[in-house]
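Visitor: show me the folded form of this:
(one chain, ligands or ions: 2)
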Amino acid sequence: MNAPFPSPNPPASGPSSGKPPLRLLIAAPRGFCAGVDRAIEIVERALELYGAPVYVRHEIVHNKFVVDNLKAKGAVFVESVDQVPDGVPVIFSAHGVPKAVPAKATARGLEWLDATCPLVSKVHRQAERQIADGRHILFIGHAGHPEVIGTFGQVPEGNMTLIETVEDVAAIDVPADRELAYLSQTTLSVDDTAAIIDAILARFPAVVAPKQEDICYATSNRQGAVKQIAPDCDLVLVIGSPKSSNSLRLVEVAERAGSRGQMIQRATDIDPQWLADIATLGLTAGASAPEELVNEVIARIKELREVESEERVTAEEKITFKLPRQLAR
Ligand code: 0K2
Ligand code: SF4
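Guide: Ligands and ions are numbered 1, 2, ... in the order given. Below you'll find the predicted structure:
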(Lines give C-alpha, C1' and ligand atoms only; values in the text may rest on other atoms or scores of the structure.)
(Ligands and ions follow the chains in the order given, each with its own letter.)
Protein backbone atom coordinates (compact mmCIF):
# COMPACT_ATOMS: atom_id res chain seq x y z
CA MET A 1 0.00 0.00 0.00
CA ASN A 2 1.29 3.47 -0.80
CA ALA A 3 2.06 5.80 2.10
CA PRO A 4 -0.54 8.58 2.25
CA PHE A 5 2.16 11.27 2.42
CA PRO A 6 5.68 11.43 0.98
CA SER A 7 8.42 10.55 3.45
CA PRO A 8 9.66 13.72 5.23
CA ASN A 9 13.28 12.60 4.71
CA PRO A 10 13.59 11.06 1.26
CA PRO A 11 17.08 9.71 0.51
CA ALA A 12 19.14 12.45 -1.22
CA SER A 13 20.85 9.84 -3.37
CA GLY A 14 21.67 6.16 -3.36
CA PRO A 15 20.23 3.20 -5.18
CA SER A 16 16.74 4.06 -3.97
CA SER A 17 16.95 7.75 -4.91
CA GLY A 18 15.39 7.04 -8.28
CA LYS A 19 17.79 9.45 -9.95
CA PRO A 20 19.50 8.33 -13.13
CA PRO A 21 23.21 7.52 -12.71
CA LEU A 22 25.92 9.94 -13.87
CA ARG A 23 29.66 9.47 -14.07
CA LEU A 24 31.45 12.66 -13.04
CA LEU A 25 35.07 13.10 -14.13
CA ILE A 26 36.77 15.90 -12.19
CA ALA A 27 39.93 17.35 -13.74
CA ALA A 28 43.05 18.05 -11.67
CA PRO A 29 44.83 20.42 -11.55
CA ARG A 30 41.93 22.89 -11.62
CA GLY A 31 41.08 26.16 -9.91
CA PHE A 32 43.36 28.56 -8.06
CA CYS A 33 46.97 28.90 -9.21
CA ALA A 34 49.84 30.34 -7.18
CA GLY A 35 49.44 33.81 -8.74
CA VAL A 36 45.76 33.99 -7.81
CA ASP A 37 46.40 32.73 -4.26
CA ARG A 38 49.03 35.44 -3.87
CA ALA A 39 46.87 38.22 -5.36
CA ILE A 40 43.93 37.47 -3.05
CA GLU A 41 46.25 37.22 -0.04
CA ILE A 42 47.70 40.63 -0.91
CA VAL A 43 44.24 42.22 -0.70
CA GLU A 44 43.40 40.40 2.54
CA ARG A 45 46.71 41.30 4.18
CA ALA A 46 46.44 44.92 3.01
CA LEU A 47 43.00 45.15 4.61
CA GLU A 48 44.50 43.86 7.88
CA LEU A 49 47.49 46.19 7.67
CA TYR A 50 45.82 49.43 6.55
CA GLY A 51 42.19 48.80 7.51
CA ALA A 52 39.24 49.30 5.12
CA PRO A 53 38.86 50.67 2.58
CA VAL A 54 41.63 49.39 0.36
CA TYR A 55 41.20 50.14 -3.33
CA VAL A 56 41.90 47.58 -6.07
CA ARG A 57 42.46 48.61 -9.67
CA HIS A 58 40.48 46.14 -11.83
CA GLU A 59 39.04 42.85 -10.52
CA ILE A 60 41.91 41.36 -8.51
CA VAL A 61 41.22 38.16 -10.50
CA HIS A 62 38.37 37.60 -12.95
CA ASN A 63 35.89 36.03 -10.55
CA LYS A 64 32.75 37.68 -9.19
CA PHE A 65 32.59 35.41 -6.12
CA VAL A 66 36.17 36.35 -5.13
CA VAL A 67 35.54 40.04 -5.79
CA ASP A 68 32.26 40.05 -3.84
CA ASN A 69 33.95 38.35 -0.84
CA LEU A 70 36.68 40.98 -0.82
CA LYS A 71 34.12 43.79 -1.22
CA ALA A 72 32.39 42.47 1.89
CA LYS A 73 35.70 42.81 3.77
CA GLY A 74 36.18 46.41 2.67
CA ALA A 75 37.92 46.30 -0.72
CA VAL A 76 36.69 48.79 -3.32
CA PHE A 77 37.17 47.90 -6.99
CA VAL A 78 37.79 50.62 -9.59
CA GLU A 79 39.13 50.70 -13.15
CA SER A 80 41.45 53.68 -12.81
CA VAL A 81 43.86 55.12 -10.24
CA ASP A 82 41.99 58.42 -10.84
CA GLN A 83 39.06 56.90 -8.91
CA VAL A 84 41.20 56.24 -5.79
CA PRO A 85 40.78 58.89 -3.08
CA ASP A 86 43.87 60.63 -1.70
CA GLY A 87 45.53 58.85 1.20
CA VAL A 88 44.05 55.41 0.46
CA PRO A 89 46.24 52.46 -0.64
CA VAL A 90 45.67 50.88 -4.04
CA ILE A 91 46.48 47.37 -5.27
CA PHE A 92 47.11 46.45 -8.91
CA SER A 93 45.42 43.24 -10.13
CA ALA A 94 47.09 39.89 -10.92
CA HIS A 95 46.95 40.67 -14.67
CA GLY A 96 49.55 43.45 -14.46
CA VAL A 97 49.44 47.13 -15.37
CA PRO A 98 51.20 49.47 -17.81
CA LYS A 99 54.19 51.28 -16.26
CA ALA A 100 52.18 54.52 -16.37
CA VAL A 101 49.82 53.21 -13.67
CA PRO A 102 52.26 52.86 -10.72
CA ALA A 103 53.94 56.05 -11.97
CA LYS A 104 50.64 57.92 -11.64
CA ALA A 105 49.97 56.43 -8.19
CA THR A 106 53.45 57.48 -7.04
CA ALA A 107 52.99 60.97 -8.49
CA ARG A 108 49.78 61.28 -6.44
CA GLY A 109 51.58 60.12 -3.30
CA LEU A 110 49.40 57.00 -3.03
CA GLU A 111 50.70 53.92 -1.31
CA TRP A 112 50.42 51.03 -3.79
CA LEU A 113 50.92 47.27 -3.81
CA ASP A 114 51.50 45.21 -6.91
CA ALA A 115 49.56 41.92 -7.11
CA THR A 116 50.76 41.26 -10.67
CA CYS A 117 51.56 37.54 -10.91
CA PRO A 118 55.35 37.08 -10.90
CA LEU A 119 54.98 35.05 -14.11
CA VAL A 120 53.35 38.04 -15.81
CA SER A 121 56.07 40.34 -14.42
CA LYS A 122 58.64 37.95 -15.91
CA VAL A 123 57.14 38.61 -19.37
CA HIS A 124 57.25 42.36 -18.64
CA ARG A 125 60.99 42.17 -17.87
CA GLN A 126 61.62 40.14 -21.04
CA ALA A 127 59.78 42.77 -23.10
CA GLU A 128 61.98 45.51 -21.65
CA ARG A 129 65.11 43.46 -22.34
CA GLN A 130 64.20 42.79 -25.98
CA ILE A 131 63.55 46.50 -26.57
CA ALA A 132 66.86 47.39 -24.87
CA ASP A 133 68.55 44.94 -27.28
CA GLY A 134 66.98 46.80 -30.21
CA ARG A 135 64.36 44.25 -31.22
CA HIS A 136 60.72 44.73 -32.23
CA ILE A 137 58.36 42.42 -30.32
CA LEU A 138 55.65 40.25 -31.83
CA PHE A 139 53.27 39.77 -28.92
CA ILE A 140 50.83 36.86 -29.10
CA GLY A 141 47.67 37.67 -27.14
CA HIS A 142 44.05 38.78 -27.14
CA ALA A 143 43.27 42.43 -27.93
CA GLY A 144 41.81 44.39 -25.04
CA HIS A 145 42.72 41.89 -22.31
CA PRO A 146 44.20 43.68 -19.25
CA GLU A 147 47.34 41.52 -19.32
CA VAL A 148 47.97 42.54 -22.95
CA ILE A 149 47.39 46.20 -22.14
CA GLY A 150 49.78 45.88 -19.18
CA THR A 151 52.53 44.21 -21.21
CA PHE A 152 52.23 46.70 -24.09
CA GLY A 153 52.58 49.40 -21.44
CA GLN A 154 56.06 48.17 -20.47
CA VAL A 155 57.68 49.45 -23.67
CA PRO A 156 57.54 52.67 -25.71
CA GLU A 157 54.63 52.80 -28.16
CA GLY A 158 55.29 51.33 -31.62
CA ASN A 159 57.73 48.67 -30.47
CA MET A 160 55.24 45.80 -30.16
CA THR A 161 52.82 44.26 -32.65
CA LEU A 162 49.83 42.24 -31.42
CA ILE A 163 49.36 38.83 -33.06
CA GLU A 164 46.02 37.17 -32.35
CA THR A 165 45.86 34.56 -35.12
CA VAL A 166 47.98 32.63 -37.63
CA GLU A 167 46.52 34.95 -40.31
CA ASP A 168 47.92 37.99 -38.49
CA VAL A 169 51.45 36.67 -39.05
CA ALA A 170 51.17 37.14 -42.83
CA ALA A 171 50.16 40.77 -42.27
CA ILE A 172 53.12 41.72 -40.03
CA ASP A 173 54.65 44.86 -41.47
CA VAL A 174 58.09 45.65 -40.00
CA PRO A 175 61.24 46.77 -41.86
CA ALA A 176 63.18 43.75 -43.19
CA ASP A 177 66.35 44.72 -41.29
CA ARG A 178 64.60 44.98 -37.91
CA GLU A 179 65.47 42.19 -35.47
CA LEU A 180 62.42 40.49 -33.99
CA ALA A 181 61.50 38.66 -30.80
CA TYR A 182 58.21 37.08 -29.80
CA LEU A 183 56.51 36.89 -26.41
CA SER A 184 53.01 35.90 -25.30
CA GLN A 185 50.19 36.39 -22.83
CA THR A 186 50.39 33.78 -20.02
CA THR A 187 46.85 32.41 -20.35
CA LEU A 188 46.57 31.42 -24.01
CA SER A 189 45.60 28.17 -25.72
CA VAL A 190 48.75 26.03 -25.80
CA ASP A 191 47.80 24.57 -29.20
CA ASP A 192 46.75 27.82 -30.91
CA THR A 193 49.90 29.53 -29.66
CA ALA A 194 52.10 26.72 -30.97
CA ALA A 195 50.50 27.15 -34.41
CA ILE A 196 51.09 30.92 -34.31
CA ILE A 197 54.72 30.41 -33.26
CA ASP A 198 55.20 27.94 -36.15
CA ALA A 199 53.87 30.58 -38.55
CA ILE A 200 56.18 33.24 -37.05
CA LEU A 201 59.21 30.93 -37.35
CA ALA A 202 58.29 30.05 -40.94
CA ARG A 203 58.18 33.72 -41.92
CA PHE A 204 60.98 35.02 -39.64
CA PRO A 205 63.43 32.15 -38.97
CA ALA A 206 65.80 34.47 -37.06
CA VAL A 207 63.13 35.61 -34.56
CA VAL A 208 64.31 35.42 -30.93
CA ALA A 209 62.20 33.12 -28.75
CA PRO A 210 61.56 33.66 -25.01
CA LYS A 211 64.05 31.87 -22.73
CA GLN A 212 61.17 29.88 -21.29
CA GLU A 213 57.60 29.39 -22.48
CA ASP A 214 55.45 32.43 -21.55
CA ILE A 215 52.21 30.43 -21.19
CA CYS A 216 52.31 29.64 -17.49
CA TYR A 217 52.39 26.25 -15.78
CA ALA A 218 48.83 26.70 -14.42
CA THR A 219 47.34 27.48 -17.83
CA SER A 220 49.01 24.53 -19.53
CA ASN A 221 48.33 22.09 -16.68
CA ARG A 222 44.60 22.96 -16.61
CA GLN A 223 44.37 22.53 -20.39
CA GLY A 224 46.24 19.21 -20.16
CA ALA A 225 43.84 17.96 -17.49
CA VAL A 226 40.79 18.83 -19.62
CA LYS A 227 42.33 17.12 -22.65
CA GLN A 228 42.61 13.98 -20.55
CA ILE A 229 38.94 13.86 -19.44
CA ALA A 230 37.11 15.48 -22.38
CA PRO A 231 37.22 12.51 -24.81
CA ASP A 232 35.27 10.47 -22.21
CA CYS A 233 32.71 13.21 -21.52
CA ASP A 234 29.42 14.20 -23.15
CA LEU A 235 29.74 17.65 -21.60
CA VAL A 236 32.48 19.45 -19.66
CA LEU A 237 31.44 22.22 -17.25
CA VAL A 238 34.10 24.89 -16.73
CA ILE A 239 33.65 27.05 -13.64
CA GLY A 240 34.91 30.52 -14.49
CA SER A 241 34.03 33.99 -15.64
CA PRO A 242 33.39 34.97 -19.26
CA LYS A 243 36.10 37.62 -18.69
CA SER A 244 38.66 34.99 -17.72
CA SER A 245 41.03 34.18 -20.58
CA ASN A 246 42.38 30.97 -19.05
CA SER A 247 38.85 29.71 -18.28
CA LEU A 248 37.57 30.47 -21.80
CA ARG A 249 40.46 28.44 -23.17
CA LEU A 250 39.35 25.42 -21.10
CA VAL A 251 35.93 25.47 -22.81
CA GLU A 252 37.68 25.49 -26.21
CA VAL A 253 39.98 22.64 -25.19
CA ALA A 254 37.00 20.52 -24.08
CA GLU A 255 35.24 21.12 -27.39
CA ARG A 256 38.29 20.37 -29.50
CA ALA A 257 38.88 17.17 -27.57
CA GLY A 258 35.49 15.88 -28.66
CA SER A 259 33.14 16.92 -25.87
CA ARG A 260 30.78 19.82 -25.48
CA GLY A 261 32.01 22.62 -23.24
CA GLN A 262 29.96 24.98 -21.11
CA MET A 263 31.17 27.80 -18.90
CA ILE A 264 29.28 28.42 -15.67
CA GLN A 265 29.96 30.97 -12.96
CA ARG A 266 28.27 28.98 -10.22
CA ALA A 267 25.86 26.11 -9.49
CA THR A 268 22.75 28.19 -10.15
CA ASP A 269 23.81 28.53 -13.81
CA ILE A 270 23.33 24.79 -14.40
CA ASP A 271 20.30 24.08 -16.56
CA PRO A 272 19.07 20.61 -15.48
CA GLN A 273 18.23 19.97 -19.15
CA TRP A 274 21.97 19.93 -19.95
CA LEU A 275 22.28 16.77 -17.88
CA ALA A 276 19.10 15.12 -19.14
CA ASP A 277 20.58 12.74 -21.69
CA ILE A 278 24.20 12.43 -20.68
CA ALA A 279 26.12 9.56 -19.15
CA THR A 280 29.45 11.24 -18.35
CA LEU A 281 30.00 14.80 -17.21
CA GLY A 282 33.39 16.51 -16.89
CA LEU A 283 34.14 19.28 -14.43
CA THR A 284 36.99 21.75 -14.11
CA ALA A 285 37.60 25.30 -12.88
CA GLY A 286 39.68 28.17 -14.25
CA ALA A 287 42.68 29.53 -12.34
CA SER A 288 40.55 32.29 -10.78
CA ALA A 289 37.67 30.04 -9.60
CA PRO A 290 37.69 28.92 -5.94
CA GLU A 291 37.30 25.27 -4.91
CA GLU A 292 34.25 26.35 -2.90
CA LEU A 293 32.43 26.84 -6.20
CA VAL A 294 33.55 23.39 -7.40
CA ASN A 295 32.04 21.87 -4.24
CA GLU A 296 28.84 23.87 -4.73
CA VAL A 297 28.54 22.61 -8.33
CA ILE A 298 29.15 18.98 -7.31
CA ALA A 299 26.45 19.29 -4.63
CA ARG A 300 24.00 20.63 -7.23
CA ILE A 301 24.80 17.82 -9.68
CA LYS A 302 24.19 15.32 -6.87
CA GLU A 303 20.73 16.80 -6.35
CA LEU A 304 19.94 15.99 -9.97
CA ARG A 305 21.69 12.67 -10.52
CA GLU A 306 23.04 9.60 -8.78
CA VAL A 307 26.72 10.52 -9.08
CA GLU A 308 29.76 8.29 -9.24
CA SER A 309 32.75 10.63 -9.28
CA GLU A 310 36.39 10.17 -10.19
CA GLU A 311 39.18 12.75 -10.00
CA ARG A 312 41.78 12.41 -12.77
CA VAL A 313 45.09 13.97 -11.82
CA THR A 314 47.47 14.80 -14.68
CA ALA A 315 50.03 16.99 -12.87
CA GLU A 316 51.20 17.95 -9.38
CA GLU A 317 51.55 21.65 -8.57
CA LYS A 318 53.73 22.78 -5.67
CA ILE A 319 54.66 26.30 -6.78
CA THR A 320 54.04 29.23 -4.42
CA PHE A 321 55.01 32.90 -4.68
CA LYS A 322 56.28 35.27 -1.98
CA LEU A 323 54.22 38.28 -0.97
CA PRO A 324 55.51 41.80 -1.73
CA ARG A 325 58.03 42.84 0.93
CA GLN A 326 55.65 45.44 2.48
CA LEU A 327 53.36 42.56 3.49
CA ALA A 328 55.88 39.89 4.45
CA ARG A 329 55.29 38.97 8.07
O1 0K2 B 1 42.82 34.28 -17.37
P2 0K2 B 1 42.84 35.73 -17.15
O3 0K2 B 1 44.17 36.36 -17.52
O4 0K2 B 1 41.71 36.46 -17.82
O5 0K2 B 1 42.74 36.04 -15.60
P6 0K2 B 1 41.97 35.38 -14.39
O7 0K2 B 1 40.80 34.60 -14.81
O8 0K2 B 1 41.74 36.49 -13.42
O9 0K2 B 1 43.01 34.36 -13.77
C10 0K2 B 1 44.15 34.78 -13.11
C11 0K2 B 1 45.28 34.96 -14.07
C12 0K2 B 1 45.86 36.32 -13.96
C13 0K2 B 1 47.09 36.47 -14.77
O14 0K2 B 1 47.58 35.66 -15.47
FE1 SF4 C 1 50.17 33.61 -12.75
FE2 SF4 C 1 49.49 31.73 -14.50
FE3 SF4 C 1 48.00 32.12 -12.40
FE4 SF4 C 1 48.08 33.96 -14.34
S5 SF4 C 1 47.25 31.88 -14.50
S6 SF4 C 1 48.13 34.32 -12.14
S7 SF4 C 1 50.23 33.78 -14.95
S8 SF4 C 1 50.14 31.40 -12.38
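
Visitor: name the residue of the stretch 151-300 of the chain that lies nearest to ligand 2.
Guide: In the stretch 151-300 of the chain, no residue comes nearer to ligand 2 than residue 216, which is 3.2 Å away by C-beta to the nearest ligand atom. (Each C-beta comes from the backbone N, C-alpha and C, glycine too.)

Visitor: list the contacts of that residue.
Guide: Applying C-beta atoms under 8 Å, 6 or more residues apart in numbering, we find residue 216 in contact with 33, 35, 117, 119, 186-187.

Visitor: go with 6 Å
Guide: Listed by C-beta atoms under 6 Å, 6 or more residues apart in numbering, the contact set of residue 216 reads 119, 186.

Visitor: and it, what's its pLDDT?
Guide: Predicted confidence (pLDDT) for residue 216: 98.

Visitor: cool, and residue 328?
Guide: Per-residue confidence for residue 328 comes out at a pLDDT of 83.

Visitor: kindly report the same for residue 3.
Guide: pLDDT for residue 3: 35.

Visitor: please see if stretch 197-215 touches ligand 1.
Guide: No - interface with ligand 1: stretch 197-215 contributes nothing (C-beta under 6 Å from any ligand atom), its closest point being 10.0 Å away.

Visitor: buried residues in that stretch, which are they?
Guide: By neighbour count on 16 or more other C-beta atoms under 10 Å, the buried set for stretch 197-215 is 197, 199-200, 204, 207-208, 210, 213-215.

Visitor: can you show me the strands along the stretch 101-250 of the chain?
Guide: With DSSP state E, counting those that start in this stretch as the criterion, the stretch 101-250 of the chain has strands at 112-114, 136-140, 160-163, 180-184, 235-239.

Visitor: which other residues reach stretch 305-317?
Guide: By C-beta under 6 Å, 6+ apart, the surrounding residues in contact with stretch 305-317 are 13, 17, 19-26, 28-29, 221, 224-225, 228-229, 301.

Visitor: and the residues you listed, which are buried?
Guide: The buried subset of these (16+ other C-beta under 10 Å) comprises 19, 22-26, 28-29, 221, 225, 228-229, 301.

Visitor: mind checking which helix or strand the nearest residue in space to residue 268 that is not next to it in sequence is in?
Guide: Nearest residue to residue 268 in three dimensions, chain neighbours excluded: residue 300, at 7.9 Å (C-beta to C-beta, 6 or more residues apart in numbering). Under the criterion of DSSP states H and E, residue 300 resides in helix 291-304.

Visitor: mean confidence for that helix?
Guide: In this model, helix 291-304 has an average pLDDT of 98.

Visitor: ok, now which ones touch whatever residue of the chain ends up closest to ligand 2?
Guide: Taking C-beta to the nearest ligand atom, ligand 2 has its nearest neighbour within the chain at residue 35, 2.4 Å off. If you count contacts by C-beta under 6 Å, 6+ apart, residue 35 has them with 94, 117.
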